[in-house]
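Asks: Prediction below, plus the sequence it came from.
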Amino acid sequence: MQRRHLPFAAIALSLCAGTAFAQTKWDLPAAYPATNFHSENLIQFAKDVEAATAGKLKISVHANASLFKANEIKRAVQGGQAQIGEVLLVNFENENPIFGTDGIPFLATSYADSKRLYDAQKPVLEKLLAGQGMKLLYAVAWPSQGIFAKKEINSVADLRGIKWRAYSPATGKIAELIGAQPVTIQAAELSQALATGVIESYMSSGSTGYDTKTYESLKYFYDTQAWLPKNAVIVNKKAFDALDPTTQAALTKSASDAEARGWKVSAEKDVYYKKALAEKGMKVVTPSPKLMQDMKQVGGIMLSDWQKRAGPDGEAIIAAYAQSDKAATKAKK
């Protein structure tokens with residue numbers, strides 16, 4: 001009788017081994033703390049993928065630049081060192097202006113405008129990433145960008161000579177145009193840079209300000225609502241193509257759900273973080289008309305410069321965005 005059961009035991013072991021072997025494991029490096037809403041969304045996305053694929057695809061999220069630094073993640077995904085990753089698109093504008101579309105100050109200043117700009121940018125962005133061996137899975141906007149400062153600011157003149165955090169080509173360009181001293185600091189290094197006085201001011205969202213406890217070093221947040229940059233989740237095309245069609249479909253469906261969830265949470269967090277900063281003692285200030293006028297002038301210069309560098313692709317994006325703006329305005333009437 002024992003001998004009769006051996007084949008069944010062997011088959012069971014073989015099936016277990018086959019199931020373990022069939023599981024695909026991916027690493028997903030990300031640059032922001034695990035408590036940041038982008039990271040929380042990534043973790044939920046990974047859980048959704050594992051559930052939807054019945055464990056066939058398992059994605060491990062590595063938050064807070066623990067696997068790769070922010071500016072290394074795109075190259076890691078492109079080269080296959082990581083199968084999937086989250087990047088801040090504007091970080092790569094020097095590589096191609098299309099990546100910096102949503103970093104132009106005052107081009108899109110609301111969630112509705114930012115979403116329409118994303119829709120206009122998306123076909124060009126997908127083509128660009130495909131040419132680099134990658135695929136766009138989804139993208140989520142950050143809350144609107146304002147100015148964190150140590151002192152009161154009434155105009156751009158008050159920012160001249162200040163040590164200014166530059167985390168992207170666009171924020172570096174702003175520093176140049178306003179006469180500040182740019183210092184390149186990524187999110188994971190921001191708390192220390194503030195504590196040690198390496199920087200005195202920067203533009204970012206209330207989310208970054210709260211995550212990094214900026215309120216312990218700087219006392220003012222000027223709510224300029226200048227732009228809403230996006231984090232994009234990208235996947236290595238070879239890794240994606242190696243998945244079976246059912247797993248691919250589950251992955252893209254989970255990505256679509258994560259994108260919708262992320263935009264909704266981002267809009268909610270925009271309000272929450274400003275309130276939270278105020279509760280921590282930070283003065284959340286409506287900018288003076290002069291400061292807004294100065295900053296919009298900076299935005300105009302940067303848009304003109306971007307359009308020259310972006311060429312026909314940039315023209316197509318701006319034209320599609322303008323068309324959607326007209327349609328949205330007409331719908332409101």
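Replies: Structure received.

Asks: Helices along the stretch 151-300 of the chain, start to end?
Replies: 169-178, 190-195, 206-211, 237-241, 245-279, 289-332 (DSSP state H, counting those that start in this stretch).

Asks: what pLDDT, on average, does the longest one get?
Replies: If I follow you right, that is helix 289-332. For helix 289-332, the mean pLDDT works out to 93.

Asks: Deepest-packed of the helices of the stretch 151-300 of the chain, please.
Replies: Looking across those with neighbours counted as mean count of other C-beta atoms under 10 Å, the highest average goes to helix 206-211: a mean of 24. For every residue, glycine as well, the C-beta is placed using N, CA and C.

Asks: Now render the helices of the stretch 151-300 of the chain as TSV, adding distance to L57.
Replies: Output for the helices of the stretch 151-300 of the chain, formatted as TSV (distance: least, C-beta to C-beta, whole Å):
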stretch	distance to L57
helix 169-178	34
helix 190-195	33
helix 206-211	29
helix 237-241	10
helix 245-279	5
helix 289-332	33
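
Asks: Excluding sequence neighbours, find me the nearest residue to A31.
Replies: A70 (3.7 Å; C-beta to C-beta, 6 or more residues apart in numbering).

Asks: Surely that neighbour and L190 touch.
Replies: No: A70 lies out of contact with L190 (C-beta atoms under 8 Å); the separation is 10.9 Å.

Asks: Where does pLDDT dip in this protein?
Replies: Within the chain, the segments meeting pLDDT under 70 span 1-21, 333.

Asks: center of it - which residue?
Replies: N231 (1.7 Å; C-alpha atoms, centre = their mean).

Asks: Tell me which of the helices of the stretch 151-300 of the chain lies nearest to D158.
Replies: helix 289-332 (8.1 Å; C-beta to C-beta).

Asks: and that closest one with helix 169-178, angle?
Replies: Relative orientation of helix 289-332 and helix 169-178, computed by axes from the mean of the first three to the mean of the last three C-alpha atoms, to 10 degrees: 130 degrees.

Asks: So which elements touch helix 289-332?
Replies: helix 111-131, helix 169-178 (3 or more C-beta pairs under 8 Å, 6 or more residues apart in numbering; DSSP states H and E).

Asks: can you do 6 Å?
Replies: Where contact means 3 or more C-beta pairs under 6 Å, 6 or more residues apart in numbering; DSSP states H and E, helix 289-332 is packed against helix 111-131.

Asks: Specify the next element, helix or strand, located C-terminal of the helix it packs on.
Replies: Where DSSP states H and E defines the elements, the next helix or strand beyond helix 111-131 is strand 134-141.

Asks: Which strands border that next one, and is each parallel or antiparallel?
Replies: Sheet pairing of strand 134-141 (DSSP bridges) gives strand 230-236 (antiparallel).

Asks: Can you give the distance of the strand it pairs with from its chain's centre?
Replies: 8 Å (C-alpha atoms, centre = their mean, to the nearest Å).

Asks: ok, and what's touching it?
Replies: With contacts defined as C-beta atoms under 6 Å, 6 or more residues apart in numbering, strand 230-236 is touched by 38, 77, 80, 83-84, 86-89, 102, 134-141.

Asks: Any of these buried? List them.
Replies: 38, 77, 83-84, 86-89, 102, 134-141 (16 or more other C-beta atoms under 10 Å).

Asks: Relative to V140, how far out is the residue nearest to the centre of the chain?
Replies: Relative to V140, N231 is positioned 6 Å away (C-beta to C-beta, to the nearest Å).

Asks: One more: G209?
Replies: 18 Å.

Asks: Could you do Q297 as well?
Replies: Q297 is 29 Å from V140, by C-beta to C-beta.

Asks: in terms of contact, does D48 touch S254 like I think?
Replies: Yes: counting by C-beta atoms under 6 Å, D48 touches S254, with 4.1 Å between them.
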